[in-house]
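Peer 1: Sequence isn't available, so here's the structure alone:
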Ligand SMILES: *Cc1c(COP(=O)(O)O)cnc(C)c1O
């Protein structure tokens, strides 16, 4: 949908690379995607939201923890696209919270962007709560589309693969590896598929932030299968480094 400001800059960390005395380290500045304070989820939302609109959705359901970057970016994208946004806000995801946890930062921005927030206790199966909210909205006559937790679905991952095409254009030499945090799996799936297609000698290495690598691995495999079906391409041989 062109919601993200792309390409994002790629910066050489000269001092850090020198200090470590090892490989040259670059940072892909995917925080600088612009809309709604930016962030890496906008690449996914660009594709997943367009797909939802094509399918005739009249409102969007997504969600995340109280201070979710993903939910804040979904709220901003929905405001830009003029479609109502319902967010499941999971409470109790983190144990140490400050007084401002519920009223500042991403929580405040999601509210300012006009999202309707539905508070629920944290569950290890967050997408089930999104499905429940979507069922309630359908029962009230709406046609919701779900942008899952982390916007990690096949369309989102296909959107995220664009980051690899940009890196391939921005660097003279292919990097040995692209290293990133991995949570709901769409970022990993997108980078791994992008590398397979555009930077075949570059390793995609995710660091699981949920300390649940088997679950993350399963989700990445599922997302790559579904994306492969959409693209008519087999990603089954990709090795997942997590
Ligand atoms: C969401 C997020 C990730 C993890 O992406 P997933 O697709 O959820 O695995 C990594 N880095 C940043 C900055 C994020 O916001």
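Peer 2: That came through, no problem. In this text the structure is predicted, and so the values were computed from the model without any measurement. Numbers count the residues shown, from 1 in each chain.

Peer 1: Pull the contacting residues for residue 198.
Peer 2: 161, 164-165, 168 (C-beta atoms under 8 Å, 6 or more residues apart in numbering). In this view, the C-beta of every residue, glycine as well, is placed from N, C-alpha and C.

Peer 1: Let me see the contact set for the spatially most central residue of the chain.
Peer 2: Centroid-nearest residue in the chain, with C-alpha atoms, centre = their mean: residue 41, separated by 3.7 Å. The contact partners of residue 41, by C-beta under 8 Å, 6+ apart, come to 69-70, 73-74, 150-151.

Peer 1: Filter these down to the ones in helices?
Peer 2: 69-70, 73-74 (DSSP state H).

Peer 1: Filter the residues you listed down to the buried ones.
Peer 2: Buried by 16 or more other C-beta atoms under 10 Å: 69-70, 73-74, out of the ones in helices among the contacts of residue 41.

Peer 1: Which of those residues sits closest to the ligand?
Peer 2: Using C-beta to the nearest ligand atom, residue 69 comes nearest to the ligand of those, at 4.5 Å.

Peer 1: sec struct for residue 86, please.
Peer 2: strand (DSSP: H, G, I helix; E, B strand; the rest coil).

Peer 1: The longest helix seen in the chain - contacts with which helices or strands?
Peer 2: Under DSSP H, the helix in the chain containing the largest number of residues is helix 213-231. Contact here means 3 or more C-beta pairs under 8 Å, 6 or more residues apart in numbering; DSSP states H and E; on that basis helix 213-231 packs against helix 154-160, helix 186-198, strand 203-208.

Peer 1: nearest spatial neighbour of residue 107, skipping sequence neighbours?
Peer 2: residue 66 (5.3 Å; C-beta to C-beta, 6 or more residues apart in numbering).

Peer 1: Next: residue 2.
Peer 2: Residue 2 sits nearest to residue 46 (C-beta to C-beta, 6+ apart), 7.0 Å away.

Peer 1: moving C-terminal of the strand or helix carrying that neighbour, what's the next helix or strand?
Peer 2: Per DSSP states H and E, residue 46 falls inside helix 41-54. Where DSSP H and E defines the elements, the next helix or strand beyond helix 41-54 is strand 59-65.

Peer 1: Listing partners with orientation, what would you give for that following strand?
Peer 2: According to DSSP bridges, strand 59-65 forms sheet pairs with strand 85-91 (parallel), strand 144-146 (parallel).

Peer 1: what's it in contact with?
Peer 2: With C-beta under 8 Å, 6+ apart as the test, strand 59-65 has contacts from 49, 52, 70-71, 74, 78, 83-90, 93-94, 118, 122, 126, 129-130, 133-134, 137, 142-151.

Peer 1: before we move on, what about stretch 102-115?
Peer 2: 36-37, 66-69, 71-72, 74-76, 78-79, 84-87, 89, 101, 117.

Peer 1: tell me which residues in stretch 120-127 are buried?
Peer 2: Those would be 120, 126-127, for stretch 120-127 by 16+ other C-beta under 10 Å.

Peer 1: So which of those belong to strands?
Peer 2: Members of the buried residues of stretch 120-127 lying in strands (criterion: DSSP state E): residue 120.

Peer 1: Tell me the residues of this structure that contact the ligand?
Peer 2: 39-41, 69-70, 150, 152, 180-188 (C-beta under 6 Å from any ligand atom).

Peer 1: Now which of those residues would you call buried?
Peer 2: 39-41, 69-70, 150, 152, 180, 182-188.

Peer 1: out of the residues you listed, which one sits closest to residue 207?
Peer 2: residue 182 (6.2 Å; C-beta to C-beta).

Peer 1: So what pairs up with that closest one in the strands?
Peer 2: Legend: beta-bridge partners of residue 182 under DSSP bridges are residue 208.
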